[in-house]
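J.: would you be able to build a 3D model of this:
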Amino acid sequence: MNPEPQTPHTREAFYRRDRRSVGMARDFTRAALADWRVGPRADDVLLCVSELATNALLHGVPPGRGFRLRLALHPDGVLRTEVHDSGPGELRYGDMSPESEGGRGLLLVTLLADKWGAGEREPGKVVWCEFEVRG
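T.: Purely as a prediction, here's the structure:
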């Protein structure tokens, strides 16, 4: 008899296009990480969720719409975060000059996450990152 494949623990939330949504997404993530007892990488995960949510609000969410945050903790100890938006647009690194006030979000995600990427969805895109949280 084959055992049933284990499915990940998941949490999802939808946020409107509102500046308060980034903090709400961070709080939602913090609560999930506490429930799942994710400790050592929690700060990295929270920072990446903040960056991806901010990017969605600034560049990917049309007026009157919102974004979806999905967290999935897989049985193998990999935590995947996804931010789904409904807007057009490509991912770009911003201006990396010292005088620039922005544009470093994806650089931070690249440095902190074990993997990250983006894909198309209809409408919009999904940007994801993964963290090895148990090992």
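J.: which element, helix or strand, includes Arg80?
T.: strand 78-85 (DSSP states H and E).
J.: dump that strand to PDB, keeping only the CA atoms.
T.: Below are the C-alpha coordinates for strand 78-85, written out as PDB (Å, rounded to 0.1, in the frame of the first residue of the first chain):
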ATOM      1  CA  VAL A  78      10.900  24.300   2.000                       C
ATOM      2  CA  LEU A  79       8.800  27.400   2.500                       C
ATOM      3  CA  ARG A  80       7.500  29.000  -0.700                       C
ATOM      4  CA  THR A  81       6.000  32.500  -0.700                       C
ATOM      5  CA  GLU A  82       4.100  33.700  -3.800                       C
ATOM      6  CA  VAL A  83       2.700  37.200  -4.500                       C
ATOM      7  CA  HIS A  84       0.100  37.100  -7.300                       C
ATOM      8  CA  ASP A  85      -0.900  40.400  -9.000                       C
END
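J.: in the helix or strand where Trp128 lies, which residues are buried?
T.: Assigned by DSSP H and E, Trp128 falls within strand 125-132. Applying a neighbour-count criterion of 16 or more other C-beta atoms under 10 Å, one finds Lys125, Val126, Val127, Trp128, Cys129, Glu130, Phe131 buried in strand 125-132. From N, CA and C alone the C-beta is placed, and that goes for glycine too.
J.: next, format the residues you listed as a markdown table and append pLDDT and distance to Arg11.
T.: Output for these, formatted as a markdown table (pLDDT from 0 to 100; distance: C-beta to C-beta, whole Å):
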| residue | pLDDT | distance to Arg11 |
| --- | --- | --- |
| Lys125 | 92 | 21 |
| Val126 | 94 | 16 |
| Val127 | 95 | 17 |
| Trp128 | 97 | 15 |
| Cys129 | 98 | 16 |
| Glu130 | 98 | 16 |
| Phe131 | 98 | 15 |
